[in-house]
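**Student:** any chance you could fold what I've pasted below:
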Amino acid sequence: QVQLVESGGGLVQAGGSLSLSCAASGRTLSTYAMGWFRQAPGKEREFVATTIWSGGAIYTGYLADSVKGRFTISRDNAKNTVSLEMNSLKPEDTAVYSCAAGQFTDWRRRDYDYWGQGTQVTVFT
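**Tutor:** Residues are numbered from 1 along each chain as shown. Just a heads-up that it's a prediction; the model follows:
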C-alpha cells in the first residue's frame, strides 16, 4: 500500500515563500503522476500542480493558472518524493495542501489513487 506524507507547511507572511515536500513509501512511483491539491475552508479541493511521466527520463510539470509564475513542482524519483516550491505567497493561497499519486500520464485527470493527509499553509498580511 502506498503512503504519502506531506511536510513543510506553516505560517508565512504575504510575499514570502514555503517549500512543501511529499514522501512516498510502499512503491516506487517513478511512472506515476504526482500532484498537489489544496482545499481552503468552505471551498472545494482544487488542482495546484502535477508532474507527469512523459516516457524515458522525461517528466513534465503542469501548474494551475492561479499559481503559474509563483509555484514550481519537482520530483526526485531516487528519494520517491515530490516537492512544491511556493513563492510570492498570497493570503488566497491559504489552504490545506495535499499530495497525490495516480497511475496515469494525462495531466488533466484528477482521479488520483493515493492521497496524503495534508499540511496546512497559512498566509497572513
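**Student:** can you classify Glu92 by secondary structure?
**Tutor:** helix (DSSP: H, G, I helix; E, B strand; the rest coil).
**Student:** list the contacts of it.
**Tutor:** 40, 66, 123 (Cβ atoms under 8 Å, 6 or more residues apart in numbering). All C-beta atoms are positioned from the backbone trio N, CA, C, and that covers glycine.
**Student:** list the contacts of the residue sitting nearest the centre point of the chain.
**Tutor:** Centroid-nearest residue in the chain: Trp36, 2.3 Å away (criterion: Cα atoms, centre = their mean). Under the criterion of Cβ under 8 Å, 6+ apart, the contact list for Trp36 reads 20, 22, 48-50, 73, 82, 84, 97-100.
**Student:** any idea how far Met86 is from Gly8?
**Tutor:** 9 Å (Cβ to Cβ, to the nearest Å).
**Student:** residues shared between the contacts of the two?
**Tutor:** Residues touching both Gly8 and Met86 (Cβ under 8 Å, 6+ apart): 18-20.
**Student:** and these, which are buried?
**Tutor:** 18, 20 (16 or more other Cβ atoms under 10 Å).
**Student:** kindly format the C-alpha coordinates of the longest strand seen in the chain as PDB.
**Tutor:** If you go by DSSP state E, the chain has its longest strand at strand 46-55. What follows is strand 46-55 as a C-alpha-only set of coordinates in PDB (Å, rounded to 0.1, in the frame of the first residue of the first chain):
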ATOM      1  CA  GLU A  46      -8.600  22.400  -6.300                       C
ATOM      2  CA  PHE A  47      -5.700  21.300  -8.500                       C
ATOM      3  CA  VAL A  48      -2.400  23.100  -7.900                       C
ATOM      4  CA  ALA A  49       0.200  21.300  -9.800                       C
ATOM      5  CA  THR A  50       1.300  17.900 -11.200                       C
ATOM      6  CA  THR A  51       4.300  16.200 -12.600                       C
ATOM      7  CA  ILE A  52       3.700  13.600 -15.300                       C
ATOM      8  CA  TRP A  53       6.000  10.900 -16.600                       C
ATOM      9  CA  SER A  54       6.400  11.500 -20.300                       C
ATOM     10  CA  GLY A  55       8.500   8.500 -21.100                       C
END
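**Student:** this completes my enquiry, with thanks.
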